[in-house]
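A.B. asks: dropping a prediction and its sequence here:
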Amino acid sequence: IPAGEDGGELTIASLERGNGAIRITLGEGASLHVIERHAGDPKAFVNVDFDYRLAPGATLTRTVLQDDAATTVRIATARISMGDGAKLRQHIFATGAALSRFETTISGGREIDVLANGAYLLDTSRHADFTTLIDLSAPDGVIRQSIKGIATDKAKAVFQGKFLVRREAQHTDAEMRHDAIMLSDRCEVRSKPELEIYADDVACAHGNTLGQLDESALFYMRQRGIPESEARSLLVDAFVSEVFDDSPMAESLRGQVHDWLEART
């Protein structure tokens, strides 16, 4: 995308099978909304690589939607290089597969602004892995990451998040959260939030919670005549959907969460 231009929306339908690589470069001050749609052949192994390069002041909005079959194997890797003052708004919605991994590596210059949110909704024996490395080597970066997930049946979820704050990255302001609700005693959620900090003038934090639905909230809703299945769906919907508040596709993403819940009530 040439410098200073608004590229609008670009939709990329990921490979149904096999390997592929895509590179997108944004010029200085340019902006683009990329919508990645991942849906593979039920028997496929898919390995796709995205390389995003943002010049100073560029803005990338990245929306990732996964709707693979339960038997697909998918690996999607994205490397995002950001110039000084560049901005990233990333939202990932995944329903897993036999094995799926969405890996994002972000690096940048001074005063980068990053929002890297996502949600996974897993049932049966589906698997989803969200792995993120944000490598900060220049000062004044602002990073916010929130991943939320639902796992039920025999599903397996993995979250691995790391902020690497190098000595040069003074005045970094970074927060990472992973929160998951487990709706079955047979599902698994493995999480590893990590901070590696070498700068001495930063504000960095991480948090991680695993739990079940709030029984007191369920009781309160049922006392007011809401059926239990509907009450559970409402609580899950409210829990997950807030990670999409800043997305230009927030309504659509919330609709997909609602559809997933409707299919299981």
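C.D. replies: Good, I have the coordinates.

A.B. asks: buried residues, the helix or strand of the chain with the lowest mean pLDDT. List them.
C.D. replies: Lowest mean confidence among the helices and strands of the chain (mean pLDDT, DSSP states H and E): helix 215-223, at a mean of 80. Neighbour counts over helix 215-223 (16 or more other CB atoms under 10 Å) mark 218, 221 as buried. Quick note: C-beta positions are derived from backbone N, CA and C, even for glycine.

A.B. asks: following it, which helix or strand shows up next?
C.D. replies: Moving toward the C-terminus from helix 215-223, the next helix or strand (DSSP states H and E) is helix 228-241.

A.B. asks: quick one: mean pLDDT for that following helix?
C.D. replies: For helix 228-241, mean pLDDT rounds to 85.

A.B. asks: report the angle between the axes of it and helix 215-223?
C.D. replies: 130 degrees (axes from the mean of the first three to the mean of the last three CA atoms, to 10 degrees).

A.B. asks: so what does helix 228-241 touch, helix or strand wise?
C.D. replies: In terms of contacts (3 or more CB pairs under 8 Å, 6 or more residues apart in numbering; DSSP states H and E), helix 228-241 is packed against strand 113-122, strand 142-151, strand 173-182, helix 215-223, helix 250-262.

A.B. asks: and of those, who's closest to residue 4?
C.D. replies: Nearest to residue 4 among the helices and strands packed on helix 228-241 is strand 113-122; the distance by CB to CB comes to 18.4 Å.

A.B. asks: avg pLDDT for the next helix or strand after the closest one?
C.D. replies: Downstream of strand 113-122, the next assigned helix or strand under DSSP H and E is strand 127-136. The pLDDT scores in strand 127-136 average 98.

A.B. asks: strand 127-136: how far from the chain's middle?
C.D. replies: 8 Å (CA atoms, centre = their mean, to the nearest Å).

A.B. asks: check contacts around the closest residue to residue 175 other than its chain neighbours.
C.D. replies: Using CB to CB, 6 or more residues apart in numbering and skipping the chain neighbours, the partner closest in space to residue 175 is residue 205 (5.1 Å). The contact partners of residue 205, by CB atoms under 8 Å, 6 or more residues apart in numbering, come to 174, 175, 176.

A.B. asks: any chance of those residues in CSV, plus neighbour count, pLDDT and distance to residue 84?
C.D. replies: Below are those laid out as CSV (neighbours: other CB atoms under 10 Å; pLDDT from 0 to 100; distance: CB to CB, whole Å):
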residue, neighbour count, pLDDT, distance to residue 84
174, 22, 98, 17
175, 15, 98, 22
176, 24, 98, 23
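
A.B. asks: and the least confident helix or strand of the chain, how far from the chain's centre?
C.D. replies: Distance, centroid of helix 215-223 to centroid of chain: 30 Å (CA atoms, centre = their mean).

A.B. asks: residue 262: what's it in contact with?
C.D. replies: residue 233.

A.B. asks: relative to residue 121, how far out is it?
C.D. replies: The gap separating residue 262 from residue 121 is 12 Å, by CB to CB, to the nearest Å.
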